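**Q** Fold the stuff below for me.
(one chain, ligands or ions: 2)
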Amino acid sequence: MKLLILVALFGLSLAQHNPHIRYGRTTIVQLFEWRWADIAAECERFLGPNGFGGVQISPPSEHIVLNSPWRPWWQRYQPISYNLCSRSGSENELRNMITRCNNVGVNIYVDAVINHMCGAGGGEGTHSSCGSWFNAGKRDFPSVPYSAWDFNDHKCRTGSGDIENYGDAYQVRDCRLVSLLDLALEKDYVRGKVAEYMNKLVDMGVAGFRVDACKHMWPGDLAVVYGRLRNLSTKWFPAGSRPFIYQEVIDLGGEPISSREYVHLGRVTEFKYGAKLGTVFRRWHGEKLCYTRNWGEGWGFMADRDALVFIDNHDNQRGHGAGGASIISFWDSRLHKMAVGYMLAHPYGVARVMSSYRWDRHFVNGKDQNDWVGPPSHADGSTKSVPINPDQTCGDGWVCEHRWRQIKNMVIFRNVVNGQPHSNWWDNQSNQVAFGRGNRGFIVFNNDDWDLDVTLNTGMPGGTYCDVISGQKEGNRCTGKQIHVGGDGRAHFRISNRDEDPFVAIHAESKL
Ligand code: QV4
Ligand code: CA
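**A** Ligands and ions are numbered 1, 2, ... in the order given. This next block holds a predicted model:
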């Protein structure tokens, strides 16, 4: 009997590793700070047609509204209640978006902030996105409702009440993360409120959750909350599908809390991935691309089945949360396209692509003074919608990395090669490498300061293929480079180190 329960529990939690992405799609895009109405339109006009599997949305829960600094992006990580009106829109707009995205096969994953409410210094009043009254000093959030009993103030043992030492796992879980009022998730009542919030979203049709700040919650508490989640809506998903769970735990080593404590509950964000690949593509600390032959578990990352991978996220692209200098964001666009291309070509993990907005960076002693700046906004602080230019790029400060041809085409590449093994590796013992995915795709990188000129075994059927980096296949012609694969699978590649994008990728569906 005990064994049966263990098997059942194990099966249940492994189920939460499955993103339930539809139609053989593979990739999630983080549409950071986008309005629900814009996401709905993007699903229909771009994400669905181009094979994107899902969207990670910004937190939909009611949040604090701050004037100083003016409407920072991070106000959305300070919940006031679980009402579904936020800077991205109303509950109706959220519901409409989830429906429209699901109808074109694009899943929605919700960023769930359940470790805390607003900061202790958040004040009293109705400065909240739905206008709910609250009093941070008194720990009073009547719209949930939560009161002082529902927080960890009594449990935390630091002088300030904040986390002071990441070397002490108790502080990290029971004290306040940068003064954010820490919820007592050991209480059945709190667990119930959190599960009720998440279940409302499940019933609306979301496919899962990016769970914020998991390092700051006990795995045992999370297990109970996840266990109370209902199965996904059968309107769009097979009966019995568990919500996909991916947990934000920043584990770069050297702390008592590790991602290992969470992998049985769902996937975990593998922060080493972007930090290391950034170091490799920047060629820092003697790193070379050829050393990535055993990329993935061979580099000490968590097991493939547990990992959610990304090159950058909304925090580390602006120096927050483990924002190491090696992280490659859209600000380094040439390197960014290569690193994202590498990630999407490589089989390890469930991949997430970042989609950002621009802000005026202002560095003082290496720190960006404007790391708080919110999304492109109107004078009243409301978020601007995302205009699409005639050339398909975005306007008004929205970067839309996911629309860049090179990235969009590599999302398609990942779908085409899905399930195929990493194969036909080649390197020049420096920063020129190539690898394939069975007989479905092949990619070649030149990150050296000299030209690449080599004939390689691609493992692909003979024929003429369009490179999907310098262009793509349109009708029966290539808009960029052509690659001729012989009957023996061999092809000649020439990539100048001065090319706009020094990499080439071909796949089964880019064949003429
Ligand atoms: C400040 C001081 C405190 C002080 C307090 C006094 O830092 O020491 O006690 O004022 O009132 C914002 C401010 C921060 C401020 C805090 C409370 O930046 O200076 O405290 O609000 O008012 C985002 C931002 C944070 C922001 C937070 C809440 O990154 O800067 O804090 O939202 O608005 C760790 C965690 C990891 C976390 C990462 C950033 O292990 O879980 O830090 N990442 C996630 C999200 C992230 C978010 C949170 C967690 C919190 O990805 O975006 O933080 O929900 O590594
Ligand atoms: Ca906590």
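**Q** residue ranges of the strands in the stretch 1-150 of the chain, please?
**A** 28-31, 54-57, 107-112, 116-119, 124-125, 134-135 (DSSP state E, counting those that start in this stretch).
**Q** Quick one, which of those gets closest to residue 238.
**A** Closest to residue 238 of these, according to Cβ to Cβ: strand 107-112, at 13.1 Å. The C-beta positions use only the backbone N, C-alpha and C, and glycine is treated the same way.
**Q** follow-up on the earlier one: want to try JSON lines for the strands of the stretch 1-150 of the chain, with mean neighbour count and mean pLDDT as columns?
**A** What follows is the strands of the stretch 1-150 of the chain, written out as JSON lines (neighbours: other Cβ atoms under 10 Å; pLDDT from 0 to 100):
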{"stretch": "strand 28-31", "mean neighbour count": "27", "mean pLDDT": "99"}
{"stretch": "strand 54-57", "mean neighbour count": "27", "mean pLDDT": "99"}
{"stretch": "strand 107-112", "mean neighbour count": "25", "mean pLDDT": "99"}
{"stretch": "strand 116-119", "mean neighbour count": "23", "mean pLDDT": "99"}
{"stretch": "strand 124-125", "mean neighbour count": "12", "mean pLDDT": "98"}
{"stretch": "strand 134-135", "mean neighbour count": "20", "mean pLDDT": "98"}
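**Q** I'd like to know which of the ones you listed is closest to ligand 1.
**A** In terms of Cβ to the nearest ligand atom, the element of the strands of the stretch 1-150 of the chain nearest to ligand 1 is strand 116-119, at 3.0 Å.
**Q** is ligand 1 contacted by the closest one?
**A** Yes: shown here: strand 116-119 in contact with ligand 1 (Cβ under 6 Å from any ligand atom) through residue 119.
**Q** other SSEs contacting that strand?
**A** Counting contacts by 3 or more Cβ pairs under 8 Å, 6 or more residues apart in numbering; DSSP states H and E, strand 116-119 packs against strand 180-182.
**Q** Downstream of the strand it packs on, the next helix or strand is which one?
**A** Going down the chain from strand 180-182, the next helix or strand is helix 188-204, by DSSP states H and E.
**Q** Format the CA atom coordinates belonging to that next one as PDB.
**A** The C-alpha coordinates for helix 188-204 follow below in PDB (Å, rounded to 0.1, in the frame of the first residue of the first chain):
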ATOM      1  CA  ASP A 188      -3.800  25.300   5.800                       C
ATOM      2  CA  TYR A 189      -5.800  28.600   5.300                       C
ATOM      3  CA  VAL A 190      -3.000  30.200   3.300                       C
ATOM      4  CA  ARG A 191      -2.400  27.100   1.200                       C
ATOM      5  CA  GLY A 192      -6.100  27.100   0.500                       C
ATOM      6  CA  LYS A 193      -6.200  30.700  -0.600                       C
ATOM      7  CA  VAL A 194      -3.200  30.200  -2.900                       C
ATOM      8  CA  ALA A 195      -4.600  27.000  -4.400                       C
ATOM      9  CA  GLU A 196      -8.000  28.700  -4.900                       C
ATOM     10  CA  TYR A 197      -6.200  31.500  -6.900                       C
ATOM     11  CA  MET A 198      -4.300  29.000  -9.000                       C
ATOM     12  CA  ASN A 199      -7.300  26.800  -9.600                       C
ATOM     13  CA  LYS A 200      -9.300  29.800 -10.900                       C
ATOM     14  CA  LEU A 201      -6.700  30.200 -13.500                       C
ATOM     15  CA  VAL A 202      -6.600  26.500 -14.300                       C
ATOM     16  CA  ASP A 203     -10.300  26.600 -14.800                       C
ATOM     17  CA  MET A 204      -9.900  29.600 -17.200                       C
END
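**Q** Nothing else from me, thank you.
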